[in-house]
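Student: quick one: sequence plus predicted model below, questions after.
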Amino acid sequence: MPATTTRAICITAFGGPEAMALVERPLGAPGPGEVLIRHQACGLNYIDVYQRTGLYPLPLPLSLGMEGAGVIEAVGEGVSHLQPGDRAAYASNPPGSYSEARVMPAKCVVKLPDDIDMETGAAMMLKGLTVQYLLKKTLPQAGLQAGDHVLFHAAAGGVGLIACQWARALGLQLIGTAGSDAKCQLALEHGASHAINYRSEDFVARVKEITGGRGVKVVYDSVGADTFVRSLDVLQPFGLAANFGNASGKVPPIDLGMLAAKGSLYVSRPTLFTHIATRESTQAMAEDLFAVVRSGAVKIRIDQRFPLAQAAEAHRALEARATTGCTVLLP
Ligand SMILES: NC(=O)c1ccc[n+]([C@@H]2O[C@H](COP(=O)([O-])OP(=O)(O)OC[C@H]3O[C@@H](n4cnc5c(N)ncnc54)[C@H](OP(=O)(O)O)[C@@H]3O)[C@@H](O)[C@H]2O)c1
């Protein structure tokens, strides 16, 4: 008889990692447009922290987790791209991947190629699809050409190490920042052309030095409060500042006049979920990600593994800047 309950990490109030509890909850059957997936691995992402703390407020009680991989157990009416028994992976709303199994919308779930293992699938979907839309769609007016410099903050993290490798594959010169010399070394080993320890060096001065005073065409900034305004100072005229995260806190409101004064700059605040709003866009982006991973140009580095029940420990490590690359939770 199919299981009717699942263990899942939930919160009933916003707060620190201690707010997270492993609970037993009903599983249910997939309705129209839904699938039931049994996870073999779940991905850890910084957005899980924002949802846990309430920085991105969602209704409570809340099951956490936006990324996972596993086997499809049942499909609801109208789902034709997946069948029971398929290996599958996703990055998706609503949250709930920190669980043994879940029912969820099928439109963001894709088949996982047989030669990509489940942990890799769980680690790479949210982070890899993010790098896909950043490097290929979040671009300055004239696009990016081989040889161009970009600045990518937090380059040794989950998203960061994928970006270093994918940028190299595209011929870009990615200048990465990271919070220690060891992390800088890791970014360099994964394809960054230069790495700056932004805790001990002035990244604005170093970027100017590296680029012969010209600056970069794009800054990809997920650190937020601590870096964003200074990031505007490393851009060429008409350059693009893309703020896609808040690891150090939300970017405070900025004076638009500053964008004129610093050279007709552009600012964007993109999110993956606009890019994967349809099944077609999700599939196309996933195919691009699978291709670059299967070619060997991008390796998904999993540096931390935690049992699902220890998800709070994983959050503590992520917030303490003690992780590198990707982290998975194992149900
Ligand atoms: N908008 C989107 O579509 C989207 C999608 C995916 C991810 N993101 C964002 O991308 C970023 C990276 O995500 P990830 O899951 O791969 O995380 P991660 O990069 O593995 O971890 C976050 C990193 O941010 C850096 N950081 C700088 N200041 C920090 C602070 N005060 N507290 C904690 N960390 C700080 C740390 O690296 P250092 O020690 O090297 O500074 C830390 O390791 C996050 O901000 C996330 O929200 C956005």
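Tutor: Yep, it's here.
Student: list the contacts for Trp166?
Tutor: Applying CB atoms under 8 Å, 6 or more residues apart in numbering to Trp166 gives the contacts Val131, Gln132, Leu135, Val292, Ala297, Val298. All C-beta atoms are positioned from the backbone trio N, CA, C, and that covers glycine.
Student: middle-most residue in this protein, spatially?
Tutor: Closest residue to the average C-alpha location of the chain: Lys127 at 3.0 Å, with CA atoms, centre = their mean.
Student: where's it relative to the ligand, distance?
Tutor: 5 Å (CB to the nearest ligand atom, to the nearest Å).
Student: give me every residue that touches that residue.
Tutor: Gly43, Asn45, Glu67, Gly158, Val159, Ile162, Cys326.
Student: the closest residue to Thr4 other than its chain neighbours: neighbour count?
Tutor: In space, and not counting its chain neighbours, Thr4 is closest to Leu27: 5.7 Å by CB to CB, 6 or more residues apart in numbering. Counted with other CB atoms under 10 Å, the neighbours of Leu27 add up to 19.
Student: now do Pro84
Tutor: That count, for Pro84 with other CB under 10 Å as the rule, works out to 11.
Student: which parts of the stretch 51-200 of the chain sit against the ligand?
Tutor: For the stretch 51-200 of the chain, the residues in contact with the ligand (CB under 6 Å from any ligand atom) are Leu126, Lys127, Thr130, Ala154, Ala156, Gly157, Gly158, Val159, Gly160, Ala178, Gly179, Lys183.
Student: which of those residues ranks first by neighbour count?
Tutor: Ranking those using other CB under 10 Å puts Gly158 first, with 31 neighbours.
Student: pretty sure that residue sits against Gly325.
Tutor: Yes. In this structure Gly158 lies within contact range of Gly325 using CB atoms under 8 Å: 6.1 Å.
Student: what's near enough to touch Leu329?
Tutor: Leu329 touches 41-44, 65, 98, 305-308, 310-311, 314, counting by CB under 8 Å, 6+ apart.
Student: again, 6 Å this time
Tutor: By CB atoms under 6 Å, 6 or more residues apart in numbering, the contact set of Leu329 is Cys42, Phe306, Leu308, Ala311.
Student: how about low-confidence regions in this protein?
Tutor: Scanning the chain for pLDDT under 70 picks out 1.
Student: hmm, try it at 80
Tutor: 1-3 (pLDDT under 80).
Student: just the ones in strands from the contacts of Trp166, please.
Tutor: Here DSSP state E is the test, and the contacts of Trp166 give no hits in strands at all.
Student: closest one of the residues you listed to the ligand?
Tutor: Val131 (8.7 Å; CB to the nearest ligand atom).
Student: in contact with the closest one, which residues?
Tutor: Per CB under 6 Å, 6+ apart, neighbours of Val131: Ile162, Ala163, Trp166.
Student: want to throw those into TSV with distance to Glu73 and secondary structure?
Tutor: Output for the contacts of Val131, formatted as TSV (distance: CB to CB, whole Å; DSSP: H, G, I helix; E, B strand; the rest coil):
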residue	distance to Glu73	secondary structure
Ile162	29	helix
Ala163	34	helix
Trp166	33	helix
